[in-house]
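**Q** Would you be able to build a 3D model of this:
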Amino acid sequence: MIRRFLLTALACIAMTVSIPAFAQQAGVTAPNVVPITPQLTTSGQPTRESLASLGAAGYQGVIYLAPLTVPDAVPDEAAILRRQGISFTNIPITFNQPGEKDFEAFTDALAGLQGKKVLVHCQVNMRASSMVFLYRVIVGKENPEAAYPSVSKVWTPDGRWKNFIVATLKKHGVDFEPY
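**A** Model (predicted):
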C-alpha cells in the first residue's frame, strides 16, 4: 500500500514538473516530446485528442512502455490507435524495475516497426527516452555521446535506471557513463 502510494506520488510529482514541457511537436501533444528522427519520436503520455490524430500525422506504430493501470493512462488507447490502423504494443515496464527482458521486448517491438513512423511513450518520457537511447546505441550503433542528449532533455537517470542503462551498455560492449 505504501509502495503504491509512493509510486503514485512520484508519478504525480513528475507530471507536475513536466507540465511546462507539455507541447505539440512532431504531431504529438504530450509532455516532453522529443523528435529523434522524422520516423521516431519519444514522449510522455499523449492526450486522448493527440492519440486520435496520430494517423493523420503519419504515425504507423505506437509503443507504450508503462503498465496500462497507471493513473494517467488512456484506458482505450489501443482501440483509438487501431481504429486508425496504427499498430499498438504495450511493454509494461515497472518504473523502479527496468530489466533486460524489458529491453529485449522493446528491441523486438521497435525492430518490427522498421521503416514506419513510430511514437514511443510512457508517462513522462523517462522510460521511453532511456529505452530508445539504448536501442539507438546498441542496435543502431550510434555514438552514445551523440544519442544521450535526447535523454538529458527529459531527465538524468539515477538509481536503478542509471544502473540498468550502464549494465545494458556494458553487456553489449559499450563503455559509457550517463552524466
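
**Q** contacts and neighbour counts: CA atoms only from here.
**A** Will do.

**Q** List the buried residues for stretch 137-154?
**A** Residues of stretch 137-154 classed as buried: 137-138, 144, 147-148, 150-151, 154 (neighbour count, 16 or more other Cα atoms under 10 Å).

**Q** Could you dump the residues you listed into TSV with pLDDT added?
**A** Below are these laid out as TSV (pLDDT from 0 to 100):
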residue	pLDDT
137	98
138	98
144	98
147	98
148	98
150	97
151	98
154	97
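
**Q** Now, the residues you listed that are in helices?
**A** With DSSP state H as the criterion, helices contain 137-138, 144, 147, 150-151 from among the buried residues of stretch 137-154.

**Q** any chance of the residues you listed in JSON lines, plus distance to residue 88?
**A** As requested, those are exported to JSON lines (distance: Cα to Cα, whole Å):
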{"residue": "137", "distance to residue 88": "24"}
{"residue": "138", "distance to residue 88": "23"}
{"residue": "144", "distance to residue 88": "28"}
{"residue": "147", "distance to residue 88": "25"}
{"residue": "150", "distance to residue 88": "23"}
{"residue": "151", "distance to residue 88": "23"}
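
**Q** what's near enough to touch residue 165?
**A** With contact taken as Cα atoms under 8 Å, 6 or more residues apart in numbering, residue 165 is in contact with 130, 134.

**Q** mind checking pLDDT for it?
**A** Among the per-residue scores, residue 165 holds a pLDDT of 97.

**Q** Next, the buried residues of the helix or strand where it lies.
**A** Assigned by DSSP states H and E, residue 165 belongs to helix 159-171. The neighbour-count check on helix 159-171 (16+ other Cα under 10 Å) flags 161-162, 164-169 as buried.

**Q** Return the closest of the ones in helices among the buried residues of stretch 137-154 with respect to residue 55.
**A** Comparing those against residue 55 with Cα to Cα places residue 150 closest, at 24.0 Å.
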